[in-house]
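**Q** no sequence for this one, just the structure:
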């Protein structure tokens with residue numbers, strides 16, 4: 001099953017916030033590492049979309065740790081063959097409700 005990865009506006013906003021923070025407080029090395037971690041995640045989740053743990057009562061919503069500082073919440077839509085990236089968050093931000 002070939003799955004397509006789609007970023008929601010909320011996930012892109014979260015990624016932009018994290019990148020902005022990294023540009024201000026860290027070096028380009030950390031940004032490149034994060035970008036590589038995201039690419040690795042996308043490759044892995046396309047192959048095995050159920051590898052990450054379920055976040056709660058919704059069996060298709062899962063949480064993937066990208067680094068010790070960041071994570072992605074994604075939703076698997078098997079009928080549409082889509083993996084929807086819902087949120088990209090820094091671990092120290094307020095949790096998603």
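**A** Yep, that arrived. None of the values given here were measured: they were computed from a predicted structure.
**Q** C-alpha from now on. contacts and neighbour counts both.
**A** OK.
**Q** excluding its backbone neighbours, what's nearest the most centrally placed residue in the chain?
**A** Central residue of the chain (CA atoms, centre = their mean): residue 72, 2.6 Å from the mean position. Spatial nearest neighbour of residue 72, excluding adjacent residues (CA to CA, 6 or more residues apart in numbering): residue 88 at 4.6 Å.
**Q** what helix or strand does that neighbour sit in?
**A** Using DSSP states H and E, residue 88 falls within strand 82-90.
**Q** correct me if wrong: the residue nearest to the centre of the chain contacts residue 83.
**A** No. If you go by CA atoms under 8 Å, residue 72 and residue 83 don't touch, sitting 11.6 Å apart.
**Q** ranges for the strands of the chain?
**A** Taking DSSP state E to define them, one finds strands in the chain at 4-7, 61-67, 70-77, 82-90.
**Q** quick one on the thing from earlier: hmm, the residue nearest to residue 72 is touching residue 67, no?
**A** No. Look at residue 88 against residue 67 with CA under 8 Å: they stay out of range, at 11.5 Å.
**Q** higher neighbour count, these two?
**A** residue 88 (26 against 14; other CA atoms under 10 Å).
**Q** distance of the more buried one from residue 18?
**A** Relative to residue 18, residue 88 is positioned 8 Å away (CA to CA, to the nearest Å).
**Q** with residue 77 instead?
**A** For residue 77, the distance to residue 18 - CA to CA - is 26 Å.
**Q** compare those two (neighbour count), which wins?
**A** Neighbours were counted for residue 77 and for residue 18 using other CA under 10 Å; residue 18 has more, 18 against 14.
**Q** mind listing what's buried along the lengthiest helix in the chain?
**A** Counting by DSSP state H, the longest helix found in the chain is helix 28-47. By 16 or more other CA atoms under 10 Å, the buried positions in helix 28-47 come out as 31, 34, 38, 41, 42, 45, 46.
**Q** many thanks, have a good one.
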